[in-house]
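Peer 1: Coordinates for the following, if possible.
(one chain, ligands or ions: 1)
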Amino acid sequence: MSYDYDLFVIGAGSGGLASSKRAASYGAKVAIAEHDLVGGTCVIRGCVPKKLMVYASQFSYLYQYAQGYGWEVGDKKPRPKFNWNKLITAVDTEVKRLSQLHISFLEKAGVELISGYAKFIDAHTLEVGDRKITADKILIAVGGEAVKPDIPGIEHSITSREMFLLPEQPKRFAVWGGGYIGVEFANILKGLGSEVTQIIRRDLILHGFDEDIRSNIQAGMVNHGINFLTQKVIEKIEKTEAGLQIFLNGDDTEPLTVDALLCATGRQPNLAGLMLENAGVEVNGKGAIQVTPDSRTNQPNIFAVGDCTDRMNLTPVAIAEGRAFADTEFGHQPRFITHENIATAVFSNPEGATVGLTETQAREKFGDNIKCYTARFRPMFHSFTGSEEKVFIKLVVEINTDRVLGAHMVGKDAAELIQGIAIAVNMGATKKDFDNTMGIHPTSGEEFVTLR
Ligand SMILES: Cc1cc2nc3c(=O)[nH]c(=O)nc-3n(C[C@H](O)[C@H](O)[C@H](O)COP(=O)(O)OP(=O)(O)OC[C@H]3O[C@@H](n4cnc5c(N)ncnc54)[C@H](O)[C@@H]3O)c2cc1C
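Peer 2: Numbering: from 1, shown residues only. So this is what the prediction gives:
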C-alpha cells in the first residue's frame, strides 16, 4: 500500500521538530502538522519567553547590589524604572522571530509544514482542515497544556500561557501551586516589583526535589519578600472592583485580594480532540499516551514522544526521544533513551539545579549505604551587597562504591554549574574523582571538589 508520507508528525514543538528533521535527513518523506505557532510550548510559551523574563527580573537586584560596590544610583532622574509593556513586546517579537527560524529549518530539512489541527480517522489516516492525509508511520508529539481545578470563579485565574500576554503588570500577584512553573513566575514578578503571594498545599515548594533544595530555595524567596501561604488550597475566587478575592480553605479571615492569580497546579497531555480512539491508541491511567521505552504505542505504526507521554516533561527529553525514534525507524540505528540522571533547573531566585538521585531516593534504594556532603556559604559576590543570600551544594554518595549518585545546588548560576557536573555523574564519577579535580578559584563551583 502506498501512503502520502513515510512519516506524519502531529505537533511542531520540541519533540516533533527534532524527529521530523532527523527522519527527513535519512531520506524519508515527512510532513508535520501544527495548529498554532511553530515552536511549541518551549519556544512560544515556556522555556524561552520565561527565561527572558527571568533575566529581566534580575536587574532590580543588580541595581541594588551595585551600590555596595561603589555604584551610586542617585536621586536624579532617570532612575531605573521598569516598563512592562516594553518587555512583553520584546519577548513577543523574539518568540515570533524564533518561530520563523524553525519554519526555515523545516524547509531546509525538506519537511512539509501543514497548518491546522490534526485528527485521526484511522491508524494510517489523518484529517487536517479539509485535507485527508495518509502516512506509513505517525508520530504524536502534541505536548501538554495547563489544567485548572474546578472551583467557583476559576475562570478569573490565568495559566502560564497567558502570563506572557498580560497587558499590564499585576501590582498584587498570587500563584497557586508549588511546582517549578509557579515558583519561577513568583520570582519573576517579585523581581519586577509586584507584591507576590504563593499558595501551596504542602509546607514546602518543589515536591520531588531534594529536601535541602526545597527548603533553601523557599528560604531565599522569603528573604526576597515573597509571602507564602502553606497547607492551603483555594476554595473560591470572586472578581470585585477591588480585585480578585481569593478564599482559602479553613480561613475565616479576610480573603486575599490580588490583581492576577496564576493557576500553576498541573498540566496534562493535549489529547482531547485528537480522536485517538479512531486509531485505537491506548492512553494510561494518568491520561498520557502509553508507550514502550522506544516510544511505541500499542499500534505498530504509531509512536509518541514528549510531554504527551508524561515521562519527563522537559524540552531536551522531548528532543532526545524524538531523535531516538527517527534514528531507530528511519536511520537503522535502533536505540532508546533512559530517563536517568537528567539534569534540571528551577530558574528561581535563588536558582536551583539538580542531577541524579535526591537524598530520599538514594536512601530508599541504598538504605544506610549513603553519605551526603553539604556546604552552605556566602558567595564572594555578596561580600559587599548586604544580601544574606547563601549558596547551598550537596553531593549524595554511595558509600560502598564511592559513586556520586546525585548533585544538587541552590545559588547563582546553579543551572550552568550542574550541567557540567551532570556529565561526571552520568559517567559514574566517584567522590574521589571529584576530590582529584582541581578547583577554579575563586568560584562557588570549586566547593564541589573540596567537600569534606
Ligand atoms: C511555563 C513553562 C516553562 C517551561 N520551562 C522549561 C524549561 O525551562 N526547561 C525545559 O526543559 N522545559 C521547560 N518547560 C517544558 C517544555 O516546554 C516541554 O517539556 C516541551 O515543550 C515538550 O515538548 P513537546 O514536543 O512534547 O510538546 P510541545 O512543545 O508542547 O509541542 C506540542 C505542539 O503540538 C501542537 N499540537 C497539539 N495538538 C495538535 C494537533 N492535534 N494538531 C496539530 N498540532 C497540535 C501544539 O500547538 C504544540 O505546538 C516549560 C513549560 C512551561 C509550560
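Peer 1: in the stretch 51-200 of the chain, which segments are predicted with low confidence?
Peer 2: For the stretch 51-200 of the chain, applying pLDDT under 70 flags the ranges 76-79.
Peer 1: Counting neighbours, what do you get for whichever residue of it sits closest to the ligand?
Peer 2: Here the residue of the stretch 51-200 of the chain nearest the ligand is residue 143; by Cβ to the nearest ligand atom that distance is 2.1 Å. The way it works is simple: take the backbone N, C-alpha and C, and place the C-beta from them, glycine included. The number of residues packed near residue 143 is 25, by other Cβ atoms under 10 Å.
Peer 1: Surely it and residue 39 touch.
Peer 2: No. Under the criterion of Cβ atoms under 8 Å, residue 143 makes no contact with residue 39, lying 11.0 Å away.
Peer 1: Once you drop chain neighbours, what's closest to residue 41?
Peer 2: residue 143 (5.3 Å; Cβ to Cβ, 6 or more residues apart in numbering).
Peer 1: mind listing the helices for the protein?
Peer 2: Listed in chain order, the helices of the chain (DSSP state H) span 14-25, 40-45, 47-66, 84-109, 160-163, 180-191, 211-223, 276-279, 315-330, 359-366, 414-426, 431-435.
Peer 1: Name the stretch among those helices that sits most buried.
Peer 2: For the helices of the chain, average neighbour numbers computed from mean count of other Cβ atoms under 10 Å are highest in helix 14-25, which has a mean of 27.
Peer 1: Kindly confirm whether my reading is correct that residue 172 touches residue 246.
Peer 2: No. In this structure, residue 172 is not within contact of residue 246 by Cβ under 8 Å, at 10.4 Å.
Peer 1: Looking at those two, which has the bigger crowd around it?
Peer 2: Between residue 172 and residue 246, counted using other Cβ under 10 Å, the more crowded position is residue 246 (25 against 18).
Peer 1: Residues in a beta bridge with that one, which ones?
Peer 2: Judged by DSSP bridges, the bridge partners of residue 246 are residue 237, residue 256.
Peer 1: For residue 106, see how far away it is.
Peer 2: Distance, residue 246 to residue 106, by Cβ to Cβ, to the nearest Å: 43 Å.
Peer 1: and if you look at residue 284?
Peer 2: Taken as Cβ to Cβ, the span from residue 284 to residue 106 is 31 Å.
Peer 1: do residue 24 as well
Peer 2: Counting by Cβ to Cβ - residue 24 and residue 106 are separated by 9 Å.
Peer 1: which parts of the longest strand along the chain are buried?
Peer 2: Counting by DSSP state E, the longest strand found in the chain is strand 131-140. Buried residues in strand 131-140, counting neighbours by 16 or more other Cβ atoms under 10 Å, are found at 133, 134, 135, 136, 137, 138, 139, 140.
Peer 1: Equivalent analysis for stretch 25-41, please.
Peer 2: The neighbour-count check on stretch 25-41 (16+ other Cβ under 10 Å) flags 25-26, 28-41 as buried.
Peer 1: and the residues you listed near the ligand, which?
Peer 2: For the ligand, the contacts drawn from these by Cβ under 6 Å from any ligand atom are 33, 34, 35, 36, 40, 41.
Peer 1: which one is the fifth one nearest to, not counting chain neighbours?
Peer 2: To tie it back to what came earlier, the one meant is residue 40. Leaving aside its chain neighbours, residue 40 sits nearest to residue 13 (2.0 Å; criterion: Cβ to Cβ, 6+ apart).
Peer 1: Does that neighbour touch residue 308 like I think?
Peer 2: No. Assessed by Cβ under 8 Å, residue 13 is found out of contact with residue 308, at 9.6 Å.
Peer 1: can you pull the pLDDT of the residue lying closest to residue 212 once chain neighbours are set aside?
Peer 2: Closest residue in space to residue 212, ignoring its immediate chain neighbours: residue 394 at 5.6 Å, by Cβ to Cβ, 6+ apart. We have a pLDDT of 98 for residue 394.
Peer 1: Distance check, residue 394 against the ligand.
Peer 2: Residue 394 sits 22 Å away from the ligand, taking Cβ to the nearest ligand atom, to the nearest Å as the criterion.
Peer 1: contacting residues for whatever residue of the stretch 201-350 of the chain ends up closest to the ligand?
Peer 2: Among all residues of the stretch 201-350 of the chain, residue 306 sits closest to the ligand, at 2.1 Å; criterion: Cβ to the nearest ligand atom. With contact taken as Cβ atoms under 8 Å, 6 or more residues apart in numbering, residue 306 is in contact with 11, 13-16, 141-143, 313, 317-318, 321-322.
Peer 1: of all the residues you listed, which comes closest to residue 181?
Peer 2: Checking the contacts of residue 306 against residue 181 with Cβ to Cβ, the nearest one is residue 313 at 10.4 Å.
Peer 1: What parts of this protein come near the ligand?
Peer 2: Residues of the chain lying near the ligand (Cβ under 6 Å from any ligand atom): 10-16, 33-36, 40-42, 46-47, 50, 117-118, 141-143, 160, 181, 270, 274, 306-308, 313-316, 318.
Peer 1: and if we set it to 5 Å?
Peer 2: Taking Cβ under 5 Å from any ligand atom as the criterion, the chain approaches the ligand at residues 11, 13-15, 33-36, 40-42, 46-47, 50, 117-118, 141-143, 160, 181, 270, 306-307, 313-315, 318.
Peer 1: got any residues that touch both of residue 143 and residue 39?
Peer 2: residue 13.
Peer 1: Phi and psi next, for residue 389.
Peer 2: phi -60, psi 130 (degrees, to the nearest 10).
Peer 1: shouldn't it be in contact with residue 382?
Peer 2: Yes. Residue 389 is in contact with residue 382 according to Cβ under 8 Å; the separation is 5.7 Å.
Peer 1: between the two, who's got more neighbours?
Peer 2: Each of residue 389 and residue 382 had its neighbours counted (other Cβ under 10 Å), and the higher figure belongs to residue 389 (20 against 16).
Peer 1: what number of residues lie near the nearest residue to residue 311 once chain neighbours are set aside?
Peer 2: Of all residues not flanking residue 311 in the chain, residue 339 sits nearest, at 5.7 Å (Cβ to Cβ, 6+ apart). As a burial measure, residue 339 scores 13 neighbours (other Cβ under 10 Å).
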